[in-house]
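In: what's the 3D shape of this:
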Amino acid sequence: MKKQLLFIIDSLDCGGAEKSLVSLLSLINYDKYEVDLILFGAGGVLEKQVPEEVTIIDYKHKILFPKTLISQLKKLYCHILLSPQLRLNKKRHGSEIHWRTIKHVYPNCATYYDAAIAYQQGVPSFFLVDKVKARKKIAWINANIFADKYDMTYCEPYYQKIDDIIAVSDKLSDIISTNLPSVKEKVSIIYDCINPDQIKCLADEPTDDIKNNAGVSIVTVGRLSGPKNHFLAVDAAKALKEKGLVFRWYFVGEGELHDAIEEKINNYHLNNEVIMLGLKENPYPYIKNADIYVQTSSYEGFCITLAEARILLKPIVSTNFDVVYDQIVDYQNGLIADMNPESVASKVLELINNQSLRQQIIENLKKEKNTTSKTEIEKFYQLIES
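Out: Residues are numbered from 1 along each chain as shown. Predicted structure coming up:
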């Protein structure tokens, strides 16, 4: 008899956790497991990549708001508290505010599962504890929840009720264990599953020409949100232009900071140099066709886009966020910059001007072997079967 698995995630928009989950789902043995997937926001661009064996449950349609004055007031209260302008100096994360306010309108899951996995911090993890019955409950942490300003006085009791906590990098595991010693023994590491053959195949699909005789082409892929720090990228682009470099820097992704980033581009008169391409279901051709890949994140849980750029043999410049050292060895498979525009611009110019360094990095990347699609799925099986 097949075992019943449940995965829970906010949505399948084009983000690191989402791509990691889709890759993991593609590796599961469906002769042994039946899999349900709960989404709180259906319609994400990655949904079409979910294997047909997976039953997708759009939980948004199950959420019932009673038509009472109290319920409407609670919805309004939640909406106001979630306003970015009013949360800037708040201790609580938006997910915590949401769950504290309206968790009562989420019905319990009717099915009992052999293993249930919240593949994201925040609401998926809270939902797992409060609304799901399962033999084993597992919480995936794929972001630095402490840098994201989650309130640990609220989150820690939830993590104490979970059987296993998964960190997606060595550094993130250390951060969780140090900051939440009460759950240290539950923490283990499963790296994001990445399928190199699939990425290389998708990278060969036709796409817009990003060369276009515009000099050097630079690409950054990621959600337009605070942790990805596109503002730093725009500042670095300004520095590159002032140094006389002819280039185009493409931002692939969408998010809540779109307008603010666009305004900064306009203010710096960088409209010809920094191009916002928006969300792309398949970002890999843009990475493949670029001369350099740049990551300007302030912090990450793992940074799956760096792993993808490495697979596509791109010379990389990345800021020195904590977990970058799990992937990049400075001057061997990429360059690591300080978290300021002058350093990022300087490293980009160094890659451009030093052809031998650029070629050596490419040769080193060719020697790397990404075997996570084999090793990490075995770790996952051991976890859910134990």
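
In: Local confidence estimate at residue 88?
Out: According to the per-residue confidence, residue 88 scores 45 in pLDDT.

In: Quick one: the strands in the stretch 1-150 of the chain, in order.
Out: For the stretch 1-150 of the chain, applying DSSP state E, counting those that start in this stretch gives strands covering 3-11, 33-41, 55-58, 112-118, 133-141.

In: Using CSV, please lay out the ones you listed together with mean neighbour count and mean pLDDT.
Out: Any C-beta I mention is one placed from the backbone N, CA and C, and that applies to glycine too. Converted to CSV, those look like this (neighbours: other C-beta atoms under 10 Å; pLDDT from 0 to 100):
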stretch, mean neighbour count, mean pLDDT
strand 3-11, 22, 97
strand 33-41, 19, 96
strand 55-58, 15, 95
strand 112-118, 23, 98
strand 133-141, 21, 97
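
In: before we move on, which element is residue 172 in?
Out: For residue 172, the element it lies in under DSSP states H and E is helix 170-179.

In: where exactly do the helices run in the stretch 1-150 of the chain?
Out: 16-27, 69-81, 84-87, 94-102, 123-131 (DSSP state H, counting those that start in this stretch).

In: Run through this protein and note the low-pLDDT ranges.
Out: Where the chain drops to pLDDT under 70, the residues are 64-92, 211-213.

In: redo that, cut-off 80
Out: Across the chain, the ranges flagged by pLDDT under 80 are 61-94, 208-214.

In: Pull the residues that contact stretch 55-64.
Out: Outside stretch 55-64, the residues within contact range by C-beta atoms under 8 Å, 6 or more residues apart in numbering are 34-42, 47, 50, 105-107.

In: just how off-centre is it within its chain?
Out: Using C-alpha atoms, centre = their mean, to the nearest Å, the distance from the centre of stretch 55-64 to the centre of the chain it belongs to is 23 Å.

In: Alpha carbons only: can I get that stretch in PDB?
Out: Output in PDB follows, covering the C-alpha atoms of stretch 55-64 (Å, rounded to 0.1, in the frame of the first residue of the first chain):
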ATOM      1  CA  THR A  55      -2.700  16.000  -6.500                       C
ATOM      2  CA  ILE A  56      -2.700  19.800  -6.200                       C
ATOM      3  CA  ILE A  57      -5.000  21.200  -3.600                       C
ATOM      4  CA  ASP A  58      -5.900  24.900  -3.900                       C
ATOM      5  CA  TYR A  59      -6.500  25.600  -0.300                       C
ATOM      6  CA  LYS A  60      -7.600  29.200  -0.900                       C
ATOM      7  CA  HIS A  61     -11.000  27.900  -2.100                       C
ATOM      8  CA  LYS A  62     -11.300  25.900   1.200                       C
ATOM      9  CA  ILE A  63     -10.800  29.000   3.400                       C
ATOM     10  CA  LEU A  64     -14.200  30.300   4.500                       C
END
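
In: Could you check how far the residue nearest to residue 331 when sequence neighbours are not counted is from residue 386?
Out: Counting by C-beta to C-beta, 6 or more residues apart in numbering, the nearest residue to residue 331 once its immediate chain neighbours are dropped is residue 357, at 7.4 Å. In this structure, residue 357 and residue 386 are 46 Å apart, going by C-beta to C-beta, to the nearest Å.

In: who's more crowded, these two?
Out: Applying other C-beta atoms under 10 Å to residue 357 and residue 386 shows that residue 357 carries more neighbours, namely 14 against 9.

In: residues in contact with the helix or strand hosting the more buried one?
Out: Taking DSSP H and E as the criterion, the element that holds residue 357 is helix 355-367. Helix 355-367 is touched from outside by 310, 313-316, 331-335, 350-352, with contacts defined as C-beta under 8 Å, 6+ apart.

In: can you pull the buried residues of it?
Out: Applying a neighbour-count criterion of 16 or more other C-beta atoms under 10 Å, the buried positions in helix 355-367 are 358, 361, 364-365.

In: Where neighbours are concerned, which of the contacts of helix 355-367 has the most?
Out: Of the contacts of helix 355-367, residue 334 is surrounded by the most neighbours, 27 neighbours in total, counting by other C-beta under 10 Å.

In: who does it bridge with?
Out: In this structure, residue 334 bridges to residue 330 when assessed by DSSP bridges.

In: if I look at it, how far off is residue 21?
Out: 26 Å.

In: Surely residue 297 is in contact with residue 226?
Out: No - with contact defined as C-beta atoms under 8 Å, residue 297 does not count as touching residue 226 (9.8 Å).
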